[in-house]
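S.K.: Here is the input, now give the coordinates:
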Amino acid sequence: QVHLEESGGGLVQAGGSLRLSCLVSGAGPYAMGWFRQAPGKKRENVAAISWSGKGTYYSESVKGRFTISKDSAKTTVYLQMNSLKPEDTAVYYCNGDPTRALPDTTGEILGLHTWGKGTLVTVSS
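M.R.: Okay, the predicted model is just below:
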């Protein structure tokens, strides 16, 4: 069973930075990613990273500002968020997609495991 635990959220002013972490246990060799859900909106995949870490995906809304990475043991997935905007305010979740098993490439992914509690990011203007 896959267990996902997100942390690192908080309140930050526009233009600031935050680094989110996702501790992953039980996942296999496939892509992992970060998702977010703002109030009244659908959950969206904002970044993904392939099993090897060589392939990444970013949604247009975060491209150039967010960076996804993972540690060498592949137990933690990070999301470095820079130049934050009020529209980045959301609960952020991580999840994995076993259908994205190519080691070096990924695109947008689905979150196919049970969701964790997420971590709230609030960006003030």
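S.K.: mind checking the SS state of the most centrally placed residue in the chain?
M.R.: Geometric centre of the chain, nearest residue: residue 34, 1.7 Å, by CA atoms, centre = their mean. Assigned by DSSP: H, G, I helix; E, B strand; the rest coil, the conformation of residue 34 is strand.
S.K.: what is the mean pLDDT for the helix or strand hosting residue 48?
M.R.: In this assignment (DSSP states H and E), residue 48 forms part of strand 44-49. Taken as a whole, strand 44-49 has a mean pLDDT of 98.
S.K.: which residues in this protein form strands?
M.R.: With DSSP state E as the criterion, the chain has strands at 3-7, 10-13, 18-25, 31-37, 44-49, 56-58, 66-70, 76-81, 90-97, 119-124.
S.K.: What residues sit buried inside the first one?
M.R.: Of the residues in strand 3-7, those buried under the neighbour-count criterion (16 or more other CB atoms under 10 Å) are 4, 6-7. (C-beta placed from N, C-alpha, C; glycine too.)
S.K.: ok, the residue nearest to the centre of the chain - contacts?
M.R.: 20, 22, 45-48, 66, 68, 77, 79, 92-94 (CB atoms under 8 Å, 6 or more residues apart in numbering).
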